[in-house]
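Quick one, structure for this:
(chains A, B, C and D)
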Number of protein chains: 2
Amino acid sequence: MKMSKQFPLNALRVFEAAARLGSFTRAGEELGMTQTAVSYQIKLIEENVGEPLFLRRPRQVQLTKTGQLLAPKVAEAFEILRDAMAGAREDAETSLLIHSTPTFASQWLARHLGSFQLRQPHIAVRLTTSETIIDFHRETVDVAIRSGKGDWPGLTAHPLMCMDFTPMMNPKLAEDVGGIHTPRDLLKLRIIDPGDPWWMQWFTAAGVHDADLASRPASRLGAQSFEARAAIAGQGVAILTPEFYPDDIALGRLYQPFELRGNDGHQYWLVYQTARRNSAKIRSFRDWILSEFAPSGNAADPNTAHQTAN
Amino acid sequence: MKMSKQFPLNALRVFEAAARLGSFTRAGEELGMTQTAVSYQIKLIEENVGEPLFLRRPRQVQLTKTGQLLAPKVAEAFEILRDAMAGAREDAETSLLIHSTPTFASQWLARHLGSFQLRQPHIAVRLTTSETIIDFHRETVDVAIRSGKGDWPGLTAHPLMCMDFTPMMNPKLAEDVGGIHTPRDLLKLRIIDPGDPWWMQWFTAAGVHDADLASRPASRLGAQSFEARAAIAGQGVAILTPEFYPDDIALGRLYQPFELRGNDGHQYWLVYQTARRNSAKIRSFRDWILSEFAPSGNAADPNTAHQTAN
DNA sequence: TGCATGCATCAAGAGAACTTATCCATGAAG
DNA sequence: CTTCATGGATAAGTTCTCTTGATGCATGCA
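Residues are numbered from 1 along each chain as shown, chains lettered A, B, ... in the order given. Got it, this is the predicted structure:
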């Protein structure tokens, strides 16, 4: 037997309205259906209960004893359901779960998220980070910042910024070794995380093919921002993304000796599930972050997105 | 816009089961539907809320934050609805509202209803009376006892007993006037309610055509049972239905001087709405009362009913 | 590596829910 | 005391939701 027969939910909703309004016609209006349909639904539920719920009086309907018993409880239940749905919608609209790589989170989001919250004060932002790429099917996450090539099935990815890299260091450290004039000068310094493939790539691009990085002591710090801290502290030269350190550069704690930048084809992306592209909160976050990265003054163009089919 | 779109009730029920069981397949089994249908309904509600409610993990589904928020409230609401429906069904099955004429109620039902309650101890009987014929469309009543001809549109009527009438009195009163031998002897006594048309009809049938009843003092008591009390008290002779007074006859407080009975074509009927003929409580009351009136030992035949089309 | 489990997707079909049209009864108004 | 307006019931036809069955995919287990 069909569940809908044992438990006529739609009929109960109609009953609730009819009981409250004391009129099938009025109930129909409220529910956006005809009086006929109301009559039909009420009959359904009466058959289900096994007893009339309304007395059909000439110009009005009136609850029977059984109907009087049933109506308030049904009303209460629908009240709860309405609240629950409203609560869920509210929650859906007002809480935004962002996932990011730790570096992007600490170096960029931490400094800019305030302007998003200023723009959308009703949205409660929660930010989680991990090195690993999260799976939207496994985690409750609305949007994510990822590095990669933007080719993730089922997801829409908007490019945010290139993951360029170039050696950076504390200017005092450069002075200590008599200044850094050629790329090869860097080899006089301690290289922070010499195992990072970026180093090899950059030296090659700079024409230094014999940099013996492998023999140097490994010092992987796990995340670029930690390496940046080390560089700022004068502990060596790190290979970093300059866009992440505008303050440290402005304060003279970090500088970039060479214009030359490497790029391994990766960049940072804003990604979200394509199916959810019309969610208001996702849209407003997307619009905000794209405008932050857009050439100053111009609004971002959401059409630059990659959408990889599923 | 359709209400069912704004407020997907069936989807909520499916959601409740899926959330509780943590599985679309299991939820489908419980609700008697396929996994496909569950998936579809969940998608509906997710679109409505604007956010996923489940994380689709490989071999299970798991509630998202929003889903966790929604599930308990929805469960509570359905709990209430379930209770309410069960309560209504319970009430529908276990309470029987009987309406009767006051006379039939006091003279017959009062003495026999106990045996019905013995047979159906789970049914709570409520008995209301009025002289007027009640309208099933206006009153909350399951079955009624009426006098009449059994031709009520939309109602099924089972004949119970004839409304025969004959003069009855206390035997002592007869002795006081030297015995009642001929119908005309009755005129020596006080006639209780001489305006009752039954009197004229009975005297005519008895061959007394010149009974001057109109000139006698009126003493309408309103209901036959009151007139019977008066007759038992020796205050006169009343025209009564003998079947109502078996005890008083057995105790010698009331007797019927003549075999002759009048009948105006009316009788007592059990009536109920034809549409509700299959209600269990109505059926069991019908079966009981018909068996009480059936020739002893034989079950009553429900097929003697009149059904007057609407 | 192959199998079982569990969910998603698609096309097609059944059946429920709804609408339109009509009728009927009642209470109010002229 | 008609006549009209209101409100519900009924019948038949239509729409469209929902369900089904087949299929595919990903994952976990043997």
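
Quick check: residues of chain A near DNA strand D?
Residues of chain A that fall close to DNA strand D, judged by C-beta under 7 Å from any atom of the strand: A:2-4, A:23-26, A:35-36, A:39-40, A:42-43, A:54, A:56, A:58-61. No exception for glycine: its C-beta is placed from N, CA and C like everyone else's.

taking those one by one, which sit in strands?
Judged by DSSP state E, the residues of chain A next to DNA strand D include A:54, A:56, A:60-61 as members of strands.

most surrounded residue in the residues you listed?
When neighbours are counted by other C-beta atoms under 10 Å in any protein chain shown, A:Val61 leads these with 23 neighbours.

how much space between the residue lying closest to that one once chain neighbours are set aside and A:Lys65?
Using C-beta to C-beta, 6 or more residues apart in numbering or on different chains and skipping the chain neighbours, the partner closest in space to A:Val61 is A:Phe54 (4.3 Å). Separation of A:Phe54 from A:Lys65 (C-beta to C-beta, to the nearest Å) stands at 11 Å.

In contact with the residue nearest to A:Val61, which residues?
Contacts for A:Phe54 (C-beta atoms under 8 Å, 6 or more residues apart in numbering or on different chains) come out as A:18, A:42, A:46, A:61-64, A:67.

still on that earlier bit, take the residues of chain A next to DNA strand D and keep only those in helices.
Using DSSP state H, A:3-4, A:24-26, A:35-36, A:39-40, A:42-43 are the members of the residues of chain A next to DNA strand D that sit in helices.

Going through the residues of chain A next to DNA strand D, which ones are buried?
Among the residues of chain A next to DNA strand D, those classed as buried by 16 or more other C-beta atoms under 10 Å in any protein chain shown are A:3-4, A:23-26, A:39, A:42, A:54, A:61.

Let me know the pLDDT of the residue of the stretch 101-250 of chain A found nearest DNA strand C.
Taking C-beta to the nearest atom of the strand, DNA strand C has its nearest neighbour within the stretch 101-250 of chain A at A:Gly154, 8.5 Å off. A:Gly154 is assigned a predicted lDDT (pLDDT) of 76.

Give me the ChimeraX select line for the contacts of A:Phe54, limited to the buried ones.
Applying 16+ other C-beta under 10 Å to those leaves a buried subset, and the ChimeraX line that selects it is:
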select /A:18,42,46,61,63,64,67
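
For B:Ser225, state which of the contacts of A:Phe54 is nearest.
Using C-beta to C-beta, the shortest approach to B:Ser225 within the contacts of A:Phe54 belongs to A:Thr64, at 30.1 Å.

got a list of what that closest one touches?
Per C-beta under 8 Å, 6+ apart, neighbours of A:Thr64: A:51-55, B:140.

Tell me where the model's unsure across the stretch 101-250 of chain A.
Within the stretch 101-250 of chain A, the ranges that satisfy pLDDT under 70 run A:218-222.

just the helices in it please.
A:102-104, A:110-119, A:171-176, A:197-205, A:224-232, A:246-250 (DSSP state H, counting those that start in this stretch).

how far out from the middle of the chain is the helix or strand immediately after the last one in the chain?
This points to helix A:246-250. Following helix A:246-250 in sequence order, the next helix or strand is strand A:267-273 (DSSP states H and E). Distance of strand A:267-273 from the chain centroid (C-alpha atoms, centre = their mean, to the nearest Å) equals 9 Å.

how about the CA coordinates for the helix or strand following strand A:267-273, as PDB?
Using DSSP H and E, the helix or strand that follows strand A:267-273 towards the C-terminus is helix A:280-293. Output of helix A:280-293 as PDB, limited to C-alpha atoms (Å, rounded to 0.1, in the frame of the first residue of the first chain):
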ATOM      1  CA  ALA A 280      22.400  33.700  -3.600                       C
ATOM      2  CA  LYS A 281      25.200  33.400  -1.100                       C
ATOM      3  CA  ILE A 282      27.500  31.700  -3.600                       C
ATOM      4  CA  ARG A 283      26.800  34.300  -6.200                       C
ATOM      5  CA  SER A 284      27.500  37.100  -3.900                       C
ATOM      6  CA  PHE A 285      30.700  35.600  -2.700                       C
ATOM      7  CA  ARG A 286      31.800  35.000  -6.300                       C
ATOM      8  CA  ASP A 287      30.900  38.500  -7.300                       C
ATOM      9  CA  TRP A 288      32.800  39.900  -4.400                       C
ATOM     10  CA  ILE A 289      36.000  37.900  -4.800                       C
ATOM     11  CA  LEU A 290      36.100  38.400  -8.600                       C
ATOM     12  CA  SER A 291      35.700  42.100  -8.100                       C
ATOM     13  CA  GLU A 292      38.600  42.100  -5.600                       C
ATOM     14  CA  PHE A 293      40.800  40.500  -8.200                       C
END
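
Show me which positions of helix A:280-293 end up buried.
Buried residues in helix A:280-293 (16+ other C-beta under 10 Å): A:281-282, A:285-290, A:293.
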